[in-house]
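Undergrad: how would this look folded up:
(one chain, ligands or ions: 2)
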Amino acid sequence: MTADELKGLIRTVPDFPARGIQFRDITTLIGNGPGLRAAVGQLACIAREAGAEAIAGMEARGFIFGAAVAVELQLGFVPVRKPGKLPVETIGIEYALEYGSDRLEIDPASVGQGQRIVVVDDLIATGGTACAAAQLLRKAGAVVEDAAFVIDLPDLGGAAALRECGAAVHALVDFAGH
Ligand SMILES: O=P(O)(O)OC[C@H]1O[C@H](OP(=O)(O)OP(=O)(O)O)[C@H](O)[C@@H]1O
Ligand SMILES: Nc1ncnc2[nH]cnc12
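TA: Residues are numbered from 1 along each chain as shown. Ligands and ions are numbered 1, 2, ... in the order given. Take a look at the predicted model:
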C-alpha cells in the first residue's frame, strides 16, 4: 500500500481535543484490515532494518502498532505506560505534549541491559512523548537509536527534536500544515 493510500485512511478531525488542533485520527486506518496490515508490515520492516531486539510502544495508541510489530518480528514488547498503571516499582519521566503534559513509566526489569529497542507509536508531533520514552528506556539500560511512526507532523518539529534526543525518526506518512 502506498503512503498516499495509507494517508487516505487517516481521518482528520478539526479542533480536537482543543481549538486549532487538527487531530489525525488512526481509528479509520486501524478499522481497515488491509490498511492496518500494511501499516504494521511497513513499521516492522523499519524495525527489522534497525536491528530491533525488542519493541517499545507508548500507551495507548502506541500499544496498537507496537505490539503488532513485536508479534510480526517475534520480539518482546515493552509497554511504556501512563502513570499509576504498573503494579511494581517503576521509573518515570514527565514530558510536554502538543496539548498539555503527562508522565510515562516503565518497569525497569522489562528492559535488557544493552538491548536494542525500537520505539513505535502512531504519531510524532512535538517529539516530547518519544523523547521521554527513549530517555526512560535508556535509563533502564536499553540502546534506543530508532523510532518508527505511522504519522509525522513535520510542522511541529518532532523529528528534529527526536534526532536531538539521539534517535532517528522513520514515518510512513506526513501531514504538513498541522
Ligand atoms: O510528539 P508528541 O507531541 O509528544 O505527541 C505524540 C503523542 O501524542 C499522542 O498520544 P496521547 O498522549 O494523546 O495519548 P493516547 O495515545 O492515549 O491517545 C500520540 O499517540 C503520541 O504518543
Ligand atoms: N494533531 C494530533 N493528532 C493526533 N494525535 C496527536 N497527538 C499529538 N498531536 C496530535
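Undergrad: Which strand or helix spans the residue nearest the centre of the chain?
TA: The residue lying closest to the centre of the chain (C-alpha atoms, centre = their mean) is Asp121, at 1.8 Å. Under the criterion of DSSP states H and E, Asp121 resides in strand 116-124.
Undergrad: Please see if that strand touches ligand 1.
TA: Yes: judged by C-beta under 6 Å from any ligand atom, strand 116-124 and ligand 1 are in contact via Asp121, Asp122, Leu123, Ile124. (Glycine included, C-beta is placed from N, CA and C.)
Undergrad: neighbours around the third one, how many?
TA: Going back to what we said before, that points to Leu123. Residues near Leu123, counting by other C-beta atoms under 10 Å, number 25.
Undergrad: Now do the contacts for the residue nearest to it when sequence neighbours are not counted.
TA: Nearest residue to Leu123, sequence neighbours excluded (C-beta to C-beta, 6 or more residues apart in numbering): Ile151, at 4.2 Å. Ile151 makes contacts with Ile10, Arg24, Ile26, Asp122, Leu123, Ile124, Ala171, Leu172, Val173, Asp174, Phe175, as judged by C-beta atoms under 8 Å, 6 or more residues apart in numbering.
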